[in-house]
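A.B. asks: predicted model follows, preceded by the sequence.
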Amino acid sequence: MSKIIIVDDNGASRDLLRAILKTVPSDIIEAKHGQEALELIQQERPDLVLMDIDMPVLDGLSAVRKIRQNPSLADLPVVAVTSFAMEGDREKGLAAGFTAYVVKPLRAAALREQVQQLLGRALA
Amino acid sequence: MVPSAILNEISAKAEIQYARVPPMRLFRPIEVRTAFGIALLVLTVAAFLSFWNLSRLEEAANQVSHTHQVLDRLDDLLFAFRDSISTSRGVDPEAASLHEESVQSMQSAIDDVARLTNDNPTQQQRIAPLKNIINQVIALERRRLAVAESKGSVAGNAMYAAAGGNRFDDEVRQAISDMKDGERSLLSRRTEQERRRTRTAAFVLGAAGLLGFGILFAVYFHLEREIGRRERSESRLSDLNRLYAFLSQANQTIVHVHSREDLFVHICRAAVEQGEFVMAWIGIPDSESGLLKPVAWWGHENGYLEHVHGYIARRPDDRGPAGSITLPQDRHQVFNYIEADPNIIIPWRDEALRRGYHSRASFPIKHEDRLAGFFTVYAGRPGFFDDETLRLLDEVASDISFALHTIDQEEQRRMAESEVRRLNEELEQKIRERTAQLADANSRLAQQNEELTRASRLKSEFLARMSHEFRTPLNSIIGFSDLLAEQGEGPLGEAYTGYVRRVSDGAQHLLALVNDILDLARIEAGRTDLRHEEFRAAEAISEVLSVTGPLAEVKKITVRSDTPPTLCVYGDRTRFKQILYNLLSNAVKFTPVGGNVQVNAEPDRGEVRFCVSDTGIGIPREDHTSIFEEFRQVAPATHGVKEGAGLGLAITKRLVELHGGRIWVESTPGDGSRFFFTMPAARSGEYGQYGLKSGSSSGMP
């Protein structure tokens, strides 16, 4: 069973992700901000992280940079799931270390497909 | 500044004048040498004559002395003869020896006479008989002595008388007397001859002396005259040289000065320093009084100009006010002898002489054919001015006239220059003002620009924020709608399925609106970079049709494309598809069920013109422009169509224009619409290549 950490300060967003991924066999853990996510990642060693960017305490860009600073987490798939859709936002996110960049609003089928792809790659 | 050509002309003129100095009557040494030679010859001849005469006189004196010697010896002879006679009487006991002494004396005397007169044949002739007689006498006396000794003196005397002794006595006396007479006559002749010679010599000597002195005197006079002439020539030459120096200095002055005042003062100064005049001054006429007003002077003036009043004659007979000197207008005026000139008024003359002015000349200065003033110089020597000096000074005056003309021109040129400078300064001032205004405007613009930049940044921030804030709730709406539509948690009723679709459509519309706003903002901010490439129009069109196809199918609308397969466009393929998608989705949206939508493309003068036509409701003419503006939609209520962001056409227009193309619409309400837009055709080379590869020429321009 895959272990996925969902990081978002918005409860509805976390609920939506959990609902979309319900059909994907996985163990889903939630975090409300980047700092919490960093602790959970150390603790749980997930297969995939879906992380918002605009968050209190520690934002997504800072969090993914810290993740990439740890060599053992260099290959961990961390997907940005964010409302930042302006020009250059995607490039900024990928440069910070995100594996993929998904802009809200999410389309359930497309997200599901992407997650399964990343998990498949990670598991392979 | 006087041009150098004029300067050259002036100096050339001066050169010529130097060369024209009249040849001086020079002293000729050959005359004097000849005269001296003649005088010397005459005096030498005289000296020789004197020497010769003196030697002749000395010789004559010698001859006189010789004659006297002869006479003395003759007297001695006579004395000795008498002595011998008396001793021969034998009275004295020593008579015989005494007689011998007398005989010796006689013979000695007669020998001397013979020797002294050996150059005189007459006397020599006389000597021989005399000697003969004396010898007879001596012999007779010796016999007398012998008789006297033996027989007594009486017997001696008797024998002597008998032998005729007394007769011998007379003969001897007579002979000696004759000789003496002969000598005396000779002496008298010689003396007479010497006297004549002496007179002749004295006459010759006197005449030669007179002649020599005469010649020397003539030479002296000649020299005296020549020296005087030479002195006068040198003095004149010196005068002329000084005047030329003055003329030269005046000309240099003319070249360098820039004002009348400087010119006048420098000319006067040059007259005194180079021309060595005692004083020089320049006066200008007072137009009212006609009197000269001194404006510049140099030299020993010492208050003189207060005393003199020069009046300029207006007519030939115009005498001017009392106590003034009247000057003619058109020529120089000369007083060469101030002391003696009857035209000069007494007090003025005294003032002049007191300052050492002995002659004076005034020269009119002309300017623009009018009298501009008088230039006056005073010389320290009477009779200084002659034709030559006046001619030179006339030239100085005319050079001053020329200089006045030059200065005037210079003045006018300077005034013109200063006017130009003033205008320039005004212009510069205006430019400075304008520049200041511009700088002000610039700073205002910069401020406005800064405000605009700030506003633009705020707008961008606002848009980013809006985009972000809209997406968060849309995420829930769309996401959960997707899940509802999937019916993963159990089937929904038919009605709910419909509701969910409506929710999803509304959310999608809202999302499209947000995206459109961002897109438009990006285009307006000029942040849209086109990725130009060549592509086949037909292929891009068919890709768009595959997207719009499902919607058209729903409304039973036929969508067709009539585009030559080889027609190529040069532009951003994605944006081209966005343009076409906007137009096609509008066409489908506003076309009633069962209608037709057509896409055409054709080359048009380096461009490709596309047309999207429909059989929809049409657009009133007054809206043909405004539909391309933001948030404008043609009276939606009247058409029963409420959807449409109102941003699609605005974005489309901007995208077309970004490609350098145009977009317009032709439509009549109820009769459908035709939207046209143009795109650049593929560039010739690559286009042609492309066309050849396609193997078709259809649709090629």
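C.D. replies: Alright, I've got the coordinates.
A.B. asks: so which residue is smack in the middle of chain A?
C.D. replies: Nearest to the geometric centre of chain A sits A:Leu50, at 1.6 Å (C-alpha atoms, centre = their mean).
A.B. asks: what residue ranges in chain A score low on pLDDT?
C.D. replies: A:121-124 (pLDDT under 70).
A.B. asks: which positions in it make contact with chain B?
C.D. replies: A:10, A:12-13, A:16, A:19-20, A:22-23, A:54, A:83-87, A:103-109 (C-beta under 8 Å from any C-beta of the partner chain). C-betas here are computed from N, CA, C, even on glycine.
A.B. asks: circling back: just list whatever residues bridge to the residue nearest to the centre of chain A.
C.D. replies: A:Ile6, A:Val79 (DSSP bridges).
A.B. asks: let's see which of the residues of chain A next to chain B end up in helices.
C.D. replies: If you go by DSSP state H, these have A:Ala12, A:Ser13, A:Leu16, A:Ala19, A:Ile20, A:Ala108, A:Ala109 in helices.
A.B. asks: report the contact partners of the first one.
C.D. replies: In this structure, A:Ala12 makes contact with B:Asn475, B:Ser476, judged by C-beta atoms under 8 Å, 6 or more residues apart in numbering or on different chains.
A.B. asks: repeat that with 6 Å
C.D. replies: Counting by C-beta atoms under 6 Å, 6 or more residues apart in numbering or on different chains, A:Ala12 makes contact with B:Ser476.
A.B. asks: same check on the third one?
C.D. replies: In this structure, A:Leu16 makes contact with B:Gly479, judged by C-beta under 6 Å, 6+ apart.
A.B. asks: so how far is A:Leu94 from the nearest residue to A:Met86 once chain neighbours are set aside?
C.D. replies: Residue nearest to A:Met86 in three dimensions, not counting chain neighbours: B:Ala464, with 4.8 Å by C-beta to C-beta, 6 or more residues apart in numbering or on different chains. From B:Ala464 across to A:Leu94, the span is 18 Å (C-beta to C-beta, to the nearest Å).
A.B. asks: equivalent analysis for B:Phe363, please.
C.D. replies: 106 Å.
A.B. asks: over to B:Glu417?
C.D. replies: Using C-beta to C-beta, B:Glu417 is found at 73 Å from A:Leu94.
A.B. asks: more neighbours, those two?
C.D. replies: Per other C-beta atoms under 10 Å in any protein chain shown, whichever of B:Glu417 and A:Leu94 has more neighbours is A:Leu94, with 14 against 10.
A.B. asks: OK, contacts around that one?
C.D. replies: A:Tyr101.
A.B. asks: phi, psi of it?
C.D. replies: Dihedral pair for A:Leu94: phi -60, psi -40, per degrees, to the nearest 10.
A.B. asks: one more: the one 5 residues further on?
C.D. replies: The phi and psi torsions at A:Thr99 (degrees, to the nearest 10) take the values phi -80, psi -40.
A.B. asks: how many residues are close by it?
C.D. replies: Using other C-beta under 10 Å, A:Thr99 is surrounded by 18 other residues.
A.B. asks: is it true that it touches A:Pro77?
C.D. replies: Yes. Using C-beta atoms under 6 Å, A:Thr99 is in contact with A:Pro77, at 4.4 Å.
A.B. asks: and the helix or strand that contains B:Asp440, what does it pack onto?
C.D. replies: Taking DSSP states H and E as the definition, B:Asp440 sits inside helix B:387-486. The contact analysis (3 or more C-beta pairs under 6 Å, 6 or more residues apart in numbering or on different chains; DSSP states H and E) places helix B:387-486 against helix A:11-20, helix B:165-256, strand B:359-367, helix B:494-524.
A.B. asks: let's have the ones you listed in TSV, adding distance to B:Glu411.
C.D. replies: Converted to TSV, these look like this (distance: least, C-beta to C-beta, whole Å):
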stretch	distance to B:Glu411
helix A:11-20	95
helix B:165-256	15
strand B:359-367	13
helix B:494-524	67
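A.B. asks: just checking, the residue nearest to A:Met86 touches A:Ala85?
C.D. replies: No. Using C-beta under 6 Å, B:Ala464 is not in contact with A:Ala85, being 8.7 Å away.
A.B. asks: circling back to that earlier point, what's the most buried one of the helices and strands packed on helix B:387-486?
C.D. replies: Across the helices and strands packed on helix B:387-486, the average number of neighbours (mean count of other C-beta atoms under 10 Å in any protein chain shown) peaks for strand B:359-367, which reaches a mean of 22.
A.B. asks: just the CA trace of that one, in PDB.
C.D. replies: Extracted in PDB, the C-alpha atoms of strand B:359-367 (Å, rounded to 0.1, in the frame of the first residue of the first chain):
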ATOM      1  CA  SER B 359      57.500 125.100 -38.900                       C
ATOM      2  CA  ARG B 360      54.100 123.500 -39.100                       C
ATOM      3  CA  ALA B 361      51.900 121.700 -41.500                       C
ATOM      4  CA  SER B 362      48.200 120.600 -41.300                       C
ATOM      5  CA  PHE B 363      46.700 117.800 -43.400                       C
ATOM      6  CA  PRO B 364      42.900 117.200 -43.900                       C
ATOM      7  CA  ILE B 365      41.600 113.800 -43.000                       C
ATOM      8  CA  LYS B 366      38.700 112.700 -45.100                       C
ATOM      9  CA  HIS B 367      36.100 110.100 -44.200                       C
END
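A.B. asks: which strand residues bridge the residue lying closest to B:Asp604 once chain neighbours are set aside?
C.D. replies: Computed as C-beta to C-beta, 6+ apart, the closest residue to B:Asp604 that is not its neighbour in sequence is B:Thr678, at 6.8 Å. Bridge pairing for B:Thr678 (DSSP bridges) gives the partners B:Arg609.
A.B. asks: same check, this time on B:Leu327
C.D. replies: Going by DSSP bridges, B:Leu327 forms beta bridges with B:Ile312.
A.B. asks: please report the distance of it from B:Leu291.
C.D. replies: According to C-beta to C-beta, B:Leu327 and B:Leu291 sit 10 Å apart.
A.B. asks: likewise B:Tyr160?
C.D. replies: For B:Tyr160, the distance to B:Leu291 - C-beta to C-beta - is 138 Å.
A.B. asks: what does B:Arg683 give?
C.D. replies: Counting by C-beta to C-beta - B:Arg683 and B:Leu291 are separated by 97 Å.
A.B. asks: same question for B:Phe675.
C.D. replies: From B:Phe675 to B:Leu291 the distance is 103 Å (C-beta to C-beta).
A.B. asks: show me which of these two is the more surrounded one.
C.D. replies: B:Phe675 (24 against 15).
A.B. asks: can you name every helix or strand that the host helix or strand of that one contacts?
C.D. replies: Following DSSP H and E, one finds B:Phe675 within strand B:673-680. Packing partners of strand B:673-680 (3+ C-beta pairs under 6 Å, 6+ apart): strand B:568-572, strand B:607-614, strand B:663-667.
A.B. asks: can you map out the strands along the stretch 501-650 of chain B?
C.D. replies: Listed in chain order, the strands of the stretch 501-650 of chain B (DSSP state E, counting those that start in this stretch) span B:532-536, B:558-562, B:568-572, B:596-604, B:607-614.
A.B. asks: adding mean neighbour count, write those out as a markdown table.
C.D. replies: Compiled in a markdown table, these are given as follows (neighbours: other C-beta atoms under 10 Å in any protein chain shown):
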| stretch | mean neighbour count |
| --- | --- |
| strand B:532-536 | 16 |
| strand B:558-562 | 15 |
| strand B:568-572 | 24 |
| strand B:596-604 | 18 |
| strand B:607-614 | 22 |
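A.B. asks: I'd like to know how far B:Lys180 sits from B:Thr87.
C.D. replies: Taking C-beta to C-beta, one finds B:Lys180 at 24 Å from B:Thr87.
A.B. asks: brain fart, B:Asn424
C.D. replies: When B:Asn424 is compared with B:Thr87 (using C-beta to C-beta), they lie 155 Å apart.
A.B. asks: any chance of the strands of the stretch 501-650 of chain B in a markdown table, with mean pLDDT too?
C.D. replies: Below are the strands of the stretch 501-650 of chain B laid out as a markdown table (pLDDT from 0 to 100):
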| stretch | mean pLDDT |
| --- | --- |
| strand B:532-536 | 89 |
| strand B:558-562 | 88 |
| strand B:568-572 | 90 |
| strand B:596-604 | 90 |
| strand B:607-614 | 92 |
